[in-house]
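Undergrad: Pasting a predicted model and its sequence here:
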Amino acid sequence: MKSFTDYIVFSTKNRKEMINITPRIEHFISGKIEDGFLMVSAMHTTSGIFINDADSGLITDIEELLERLAPFGKGYHHHHTGEDNGDAHLKSMLVHHQVILPITSGKLDLGPWQQVFYAEFDGQRRKRVLLKAIGE
């Protein structure tokens, strides 16, 4: 069994962003693993990784749903520590911090509309996503 590790490193421009990272993931696995799995993991407690359709209306719906469930600026207990990002931590829990993806015949084995997104809820700084592929 082989394993490969890499990181997607970028700086987010906005406090909240949904970034399609599928092309960067496909580039990472290209020529490395024929059959196996890839773990994609956000390395921050105010971000997450999810899979869904790359439709801009759906992305807006997801953002609005998360805002209703964990609104920005609410009096979170976390804010007593001097932070203002309690909502970002809760939104991260709702979308989860990682996904496991199948690799078949050297390619991501996703459904016809599935794309991988990095969800940022407290951005405007350097961020990292871990890519860990294992297989043959």
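TA: Done, it's in. Not measured: the values here are computed from a predicted model.

Undergrad: Report how many residues lie close to Ser56.
TA: 9 (other CB atoms under 10 Å). (Glycine included, C-beta is placed from N, CA and C.)

Undergrad: Model confidence for it, exactly?
TA: At Ser56, the model reports a pLDDT of 95.

Undergrad: Where does the residue nearest in space to the middle of the chain sit: helix, strand or coil?
TA: Nearest to the geometric centre of the chain sits Ile49, at 2.3 Å (CA atoms, centre = their mean). At Ile49 the chain is in strand, as set by DSSP: H, G, I helix; E, B strand; the rest coil.

Undergrad: wouldn't it be in contact with Ala119 here?
TA: Yes - Ile49 lies in contact with Ala119 (CB atoms under 8 Å); the separation is 7.2 Å.

Undergrad: Show me whatever sits in contact with both of those two.
TA: Ala42, Val95 (CB atoms under 8 Å, 6 or more residues apart in numbering).

Undergrad: re the thing from before, let me see the contact set for the residue nearest to the centre of the chain.
TA: Residues in contact with Ile49 (CB under 8 Å, 6+ apart) are 40-42, 95-99, 116-119, 129.

Undergrad: tell me which of those is nearest to Ser56?
TA: Comparing the contacts of Ile49 against Ser56 with CB to CB places Phe117 closest, at 12.1 Å.
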